[in-house]
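Visitor: structure for this input, please:
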Amino acid sequence: MKKNTGGYRLGFEKRSEKEVNYSEGLEQALSNSSFSDLEKAMSFPMFAPRQSIATFLYKHELFKKIINIHGSIVECGVAYGSGTMSFAHFSSIYEPVNYTRRIIGFDTFNGFPSLTTLDKGGSEHAFEGGMCVDSYNELKTCVELHDQNRSIGHIPKVELVKGDAIKSIPEYVEQNPHLVVSLLYLDFDLYEPTLAALKYFLPRMPKGAVLAFDELAIPDWSGETIAVMEEVGINNLRIQRMPFDTTRSFAIIE
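Guide: Below you'll find the predicted structure:
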């Protein structure tokens, strides 16, 4: 099976030579830093790329839109876990005693299980096993540590659902008939799992809930757009974006 290249891990495979040099320089600065690992984490804006800070702010703005909307946050595509843990921190900070708000992350943690002809775009990562980020065990450790540093940490806040979403999503909904979704974050990249997420989660989203897209209208990953068109209809959504983010978008359920 073909493996991911370091380009994906750095996120600069389609950027200019100057930007690639920047990412390599930043990685070297991290390696050479006299700070401890904990000090680096505490000083994360010093080392984080501008793009990562923008993504963090985007997810923060999404959370603010649903802070008074009842229901859990479902992230479809966890990867390294920065989104999952961002939402967990936002909930723990803004609503420390809201134990009903769960952060539920779906991922294979083993790359794409399969692709259809609708997923054949221009990305070099569009292959079985592509985008593989095996972060499951590390994330579980981070979740356990996060629980030690928040209110009512004995009640779970974050749940990781490992497996092929085409199967794991309907199984999860069947096992959790109480589920209400305030924010659905779509980042599966592919057609079939995105379609499954929309089919099973959208009926559980009240008015005011947010439907967020990571790859809508992105040529390399047309499967997400096709799934939205088929299951929801683009013209049924008021699709918005934020001025500091170049690709991501969202719609509020009306």
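Visitor: quick one, helices of the stretch 151-254 of the chain?
Guide: For the stretch 151-254 of the chain, helices defined by DSSP state H, counting those that start in this stretch occupy the ranges 165-175, 191-201, 222-231.
Visitor: with respect to burial, which of these scores highest?
Guide: Neighbour counts (mean count of other Cβ atoms under 10 Å) averaged over each of those peak at helix 191-201, with a mean of 23. Quick note: C-beta positions are derived from backbone N, CA and C, even for glycine.
Visitor: phi, psi of the nearest residue to Ser52 once chain neighbours are set aside?
Guide: Spatially, and ignoring its direct neighbours in sequence, Ser52 is nearest to Ser82 (7.5 Å; Cβ to Cβ, 6 or more residues apart in numbering). Main-chain dihedrals, Ser82, degrees, to the nearest 10: phi -70, psi -40.
Visitor: name all residues that make contact with Ser82.
Guide: 52, 55-56 (Cβ atoms under 8 Å, 6 or more residues apart in numbering).
Visitor: again, only using 10 Å
Guide: Shown in contact with Ser82 (Cβ atoms under 10 Å, 6 or more residues apart in numbering): 48, 52, 55-56, 59, 135.
Visitor: from Gly130, how far out is it?
Guide: Using Cβ to Cβ, to the nearest Å, we find Ser82 at a distance of 19 Å from Gly130.
Visitor: what of Ile66?
Guide: Note on Ile66: its distance to Gly130, by Cβ to Cβ, is 31 Å.
Visitor: which one (most neighbours) among the contacts of Ser82?
Guide: Counting neighbours by other Cβ atoms under 10 Å, Lys59 leads those with 23 neighbours.
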